[in-house]
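>>> need a 3D model of the following:
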Amino acid sequence: MRLATIAYLVRDYDEAVSWFAGKLGFEVLEDTKLSEAKRWVVVAPKGGAGAALLLAKADGAEQEARIGDQTGGRVFLFLETDDFDRDHARMRASGVAFLEAPRTEPYGKVAVFEDLYGAKWDLIQPF
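You can find the predicted model right below:
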């Protein structure tokens, strides 16, 4: 077994696709209309072998309140790279907001960034 897809709450499909594709360089793996209000939108890093994100449009006030805070303020997702400096520079140039300078930890080179909704991610190059 493997973890294949993670549901990720978004405010709007198109703004989320634009951010993930434009800022992070993700590719859209699927975008299928399910109804007038719902789509099945899956994005993932280009060429990635890990899990994909299902961009799930929030439905109702309870889900909308969780957008950007699905983990209570903790880092939610870990975006691994084989070249931290390249991807960090590319992401900064595209407008990704990093919350700290890159740092070296026993497990790798890492920096925390926020996505379009304020959710925290790690960009990490494991050792």
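>>> domains for the chain, by residue range?
With domains defined by automatic domain parsing, the chain comprises 1-67, 69-127.
>>> same list, these, but as a markdown table with mean neighbour count and mean pLDDT please.
Bear in mind the C-beta positions are built from the backbone N, C-alpha and C, glycine included. Shown next, in a markdown table, are these (neighbours: other Cβ atoms under 10 Å; pLDDT from 0 to 100):
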| stretch | mean neighbour count | mean pLDDT |
| --- | --- | --- |
| domain 1-67 | 14 | 96 |
| domain 69-127 | 14 | 97 |
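>>> check the secondary structure at the residue of the chain positioned farthest from its centre for me.
The C-alpha centroid of the chain is most remote from residue 36, which lies 25.1 Å away (Cα atoms, centre = their mean). Three-state assignment for residue 36 (DSSP: H, G, I helix; E, B strand; the rest coil): coil.
>>> quick check: it vs residue 61, distance?
20 Å (Cβ to Cβ, to the nearest Å).
>>> now the strands for the chain?
5-10, 26-33, 39-45, 52-57, 75-80, 97-98, 103-105, 108-114, 120-126 (DSSP state E).
>>> list just the one of the ones you listed that sits closest to residue 66.
Of all the strands of the chain, it is strand 5-10 that lies closest to residue 66, at 5.6 Å by Cβ to Cβ.
>>> sheet-wise, list the partners of the closest one with their directions.
strand 52-57 (parallel) (DSSP bridges).
>>> list the contacts of the strand it pairs with.
Outside strand 52-57, the residues that touch it by Cβ atoms under 8 Å, 6 or more residues apart in numbering are 4-13, 16-17, 20, 26, 29, 37-44.
>>> for the closest residue to residue 30 other than its chain neighbours, which residues make a bridge with it?
Residue nearest to residue 30 in three dimensions, not counting chain neighbours: residue 42, with 4.4 Å by Cβ to Cβ, 6 or more residues apart in numbering. Beta-bridge pairing of residue 42 under DSSP bridges involves residue 30, residue 54.
>>> go ahead and confirm residue 42 touches residue 20.
No - when contacts are counted by Cβ atoms under 8 Å, residue 42 is not listed as touching residue 20 (10.5 Å).
>>> closest to residue 67 out of the strands of the chain?
strand 5-10 (4.9 Å).
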